[in-house]
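Undergrad: here's my sequence, what's the structure:
(one chain, ligands or ions: 1)
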Amino acid sequence: MDTIGRTDTEVVRVEAVTKDYGTVKALRGVDLDLPGGGFTAVMGPSGSGKSTLLHCAAGLDRPSSGSVWLGATDLATLSETALTELRRTRIGFIFQAYNLIGSLTVEQNITLPLRLAGARADPDWLAEIVTQVGLDQRLTHRPARLSGGQQQQVAIARALITRPAVVFADEPTGALDTRTGQQVLELLRRMVDTFGQRVLMVTHDPVAASWADRVVFLADGKLAGELRRPDPEQVAARLTTLGEW
Ligand SMILES: Nc1ncnc2c1ncn2[C@@H]1O[C@H](COP(=O)(O)OP(=O)(O)OP(=O)(O)O)[C@@H](O)[C@H]1O
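TA: Here you go, the predicted model:
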């Protein structure tokens, strides 16, 4: 396993990916490289293919054509079982709904991906993550006792516990108020800066996107440019040229 604070040079790449749902062309040939220690946001009008791109890149869905690379592995070559194993061990997920298990404690929720993979948590790494996300006093609590922001902190810790090559976040602040949402984004940013974590986040919110190093825009299933070191006004201005969002 990689060491804490690693410089991650592993490839995470989407190459010429298309995805058709019947006659709907959700993705029409998307190329995207996700650099190690980089935070990328994906934005675009409703129906532009953001979730489809995230699902294909994360191995939750298979492209109609094109490839998704994780290191030297082309995900298309993997069986369903191998893909499930890869998702469990190499990829972290954060969703709008926190998807915590109510009967488990915070600590058990965080370490669940490892237990599912038949592995034990590295105590130093667990302690590091728990401190970083600010949950050290709550490890024995159950999710129902936590606020929405705290539940998302648990979900972030759970996403990081396997030291994944990449974390995919789908509207991670969608269910949170502005201030709590900011705290969650600040935390994601810190994970990128501190641990060299690689993050891809889909969002509708220009302010959320401005926490990323770059924003890539999708329109009608194709990339429609990107902004580096984005600020919210630039992002919003670019979005208005792409259609309703
Ligand atoms: N499972 C599916 N079956 C059929 N069509 C689908 C399916 N998933 C997505 N689509 C279609 O593919 C296109 C892209 O959808 P996608 O959800 O990726 O867009 P999005 O940019 O994430 O939209 P939103 O911002 O509204 O969440 C849309 O036309 C959508 O209706």
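
Undergrad: please make it C-alpha for all contacts and neighbour counts, starting now.
TA: Fine.

Undergrad: if I pick residue 215, what's in contact with it?
TA: 40-43, 209, 226-228, 230, 235 (Cα atoms under 8 Å, 6 or more residues apart in numbering).

Undergrad: restricted to helices, list those.
TA: 209, 235 (DSSP state H).

Undergrad: in strands only, show me the contacts of residue 215.
TA: Applying DSSP state E to those, the entries found in strands are 40-43, 226-228.

Undergrad: show me which residues of this structure sit near the ligand.
TA: 21, 26, 45-52 (Cα under 6 Å from any ligand atom).

Undergrad: at 5 Å what do you get?
TA: 21, 26, 46-52 (Cα under 5 Å from any ligand atom).

Undergrad: for PyMOL, what selects the buried ones among these?
TA: Typed into PyMOL, the line below selects the buried ones among those, using 16 or more other Cα atoms under 10 Å:
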select buried, resi 26+48+49+50+51+52
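
Undergrad: what residues does stretch 117-129 touch?
TA: 4, 85, 88-89, 111, 114, 136, 157, 160-161.

Undergrad: now the helix or strand hosting residue 16, how far from the centre of its chain.
TA: Taking DSSP states H and E as the criterion, residue 16 maps to strand 12-21. Distance, stretch centre to chain centre, for strand 12-21: 17 Å (Cα atoms, centre = their mean, to the nearest Å).

Undergrad: buried ones in it?
TA: 12-19.

Undergrad: give me the mean pLDDT for it.
TA: Average pLDDT, strand 12-21: 97.

Undergrad: parallel or antiparallel, which strands does the helix or strand following it pair with?
TA: Later in the chain than strand 12-21, the nearest helix or strand by DSSP H and E is strand 24-33. Strands adjacent to strand 24-33 in the sheet, as given by DSSP bridges, are strand 12-21 (antiparallel).

Undergrad: where does this structure dip in pLDDT?
TA: 1-9, 244-245 (pLDDT under 70).

Undergrad: what residue is smack in the middle of it?
TA: residue 168 (1.5 Å; Cα atoms, centre = their mean).

Undergrad: circling back: export the strand holding residue 16 as PDB, just CAs?
TA: What follows is strand 12-21, C-alpha atoms only, in PDB (Å, rounded to 0.1, in the frame of the first residue of the first chain):
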ATOM      1  CA  VAL A  12      -6.400   7.900 -14.100                       C
ATOM      2  CA  ARG A  13      -7.600   8.600 -17.600                       C
ATOM      3  CA  VAL A  14     -10.800   8.600 -19.600                       C
ATOM      4  CA  GLU A  15     -10.200   8.100 -23.300                       C
ATOM      5  CA  ALA A  16     -12.700   8.800 -26.100                       C
ATOM      6  CA  VAL A  17     -15.500   7.500 -23.900                       C
ATOM      7  CA  THR A  18     -19.000   7.400 -25.400                       C
ATOM      8  CA  LYS A  19     -22.200   6.200 -23.700                       C
ATOM      9  CA  ASP A  20     -25.500   5.600 -25.400                       C
ATOM     10  CA  TYR A  21     -28.700   4.900 -23.600                       C
END
